[in-house]
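Colleague: let's see this in three dimensions:
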Amino acid sequence: YCFTPLAGYITDTLEAIMLAFISRKMSPVTMAMYTQFRDTFQHEPCTKSITLAQLNVMHSCTDPHDLEAFFHKSQKFCLNSVKKSFWSDWPLAKPSNFFTPESLHHLHKQFFDHNAQ
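Modeller: Predicted structure coming up:
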């Protein structure tokens, strides 16, 4: 195989949520909901296989072109109703691995916005 690996993607929390195809009250790197963010244990990672399996179930029972029905079905899976991800066909791409912490995003933005200009 010859492909470009997706090793790191610097985002803030809202961008990570959009790119991971989850609803706003979910973690972009784990399967935790906002009510579970203070749990004392680590939740299972948000993997590519889980997200794509949920999207496949949604596509099999709801037409993506029927926006209202597709949106309501996506809420049941805590997804944000995007039809297909840009990383879905990339080997080894997993949101729980390639999203960097938000603190790294802030450091990058601080340097670029202030020091580099």
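Colleague: now the spatially most central residue of the chain. Its backbone dihedrals?
Modeller: For the chain, the residue sitting closest to the mean C-alpha position, by C-alpha atoms, centre = their mean, is Ala20 at 1.2 Å. Backbone torsions of Ala20, given as degrees, to the nearest 10, read phi -90, psi 0.
Colleague: ok, Thr35 next?
Modeller: Residue torsions, per degrees, to the nearest 10, at Thr35 are phi -70, psi -10.
Colleague: distance of it relative to Ile17?
Modeller: 16 Å (C-beta to C-beta, to the nearest Å). Heads up, the C-betas are built off the backbone N, CA and C, glycines and all.
Colleague: pretty sure Ala69 contacts Asp63?
Modeller: Yes: under the criterion of C-beta atoms under 8 Å, Ala69 makes contact with Asp63 at 6.9 Å.
Colleague: those two: who's more crowded?
Modeller: Ala69 (14 against 10; other C-beta atoms under 10 Å).
Colleague: who are the contact partners of that one?
Modeller: Counting by C-beta atoms under 8 Å, 6 or more residues apart in numbering, Ala69 touches 62-63.
Colleague: would you indicate which residues of the helix or strand containing it are buried?
Modeller: Element membership for Ala69, per DSSP states H and E: helix 67-76. Across helix 67-76, burial judged by 16 or more other C-beta atoms under 10 Å covers 70, 73-74.
Colleague: next one: stretch 48-60
Modeller: 48, 50-52, 54-55, 58.
Colleague: closest to Lys84 out of the residues you listed?
Modeller: Lys84 lies nearest to Leu55 out of the buried residues of stretch 48-60, by C-beta to C-beta, at 7.5 Å.
Colleague: you'd agree the closest one is in a helix?
Modeller: Yes: using DSSP: H, G, I helix; E, B strand; the rest coil, the assignment for Leu55 is a helix.
Colleague: ok, now how distant is it from Ile10?
Modeller: On the measure of C-beta to C-beta, Leu55 and Ile10 end up 25 Å apart.
Colleague: need the contact list for Ala20.
Modeller: 28-29, 46, 51, 95, 99.
Colleague: all good on my end, thank you.
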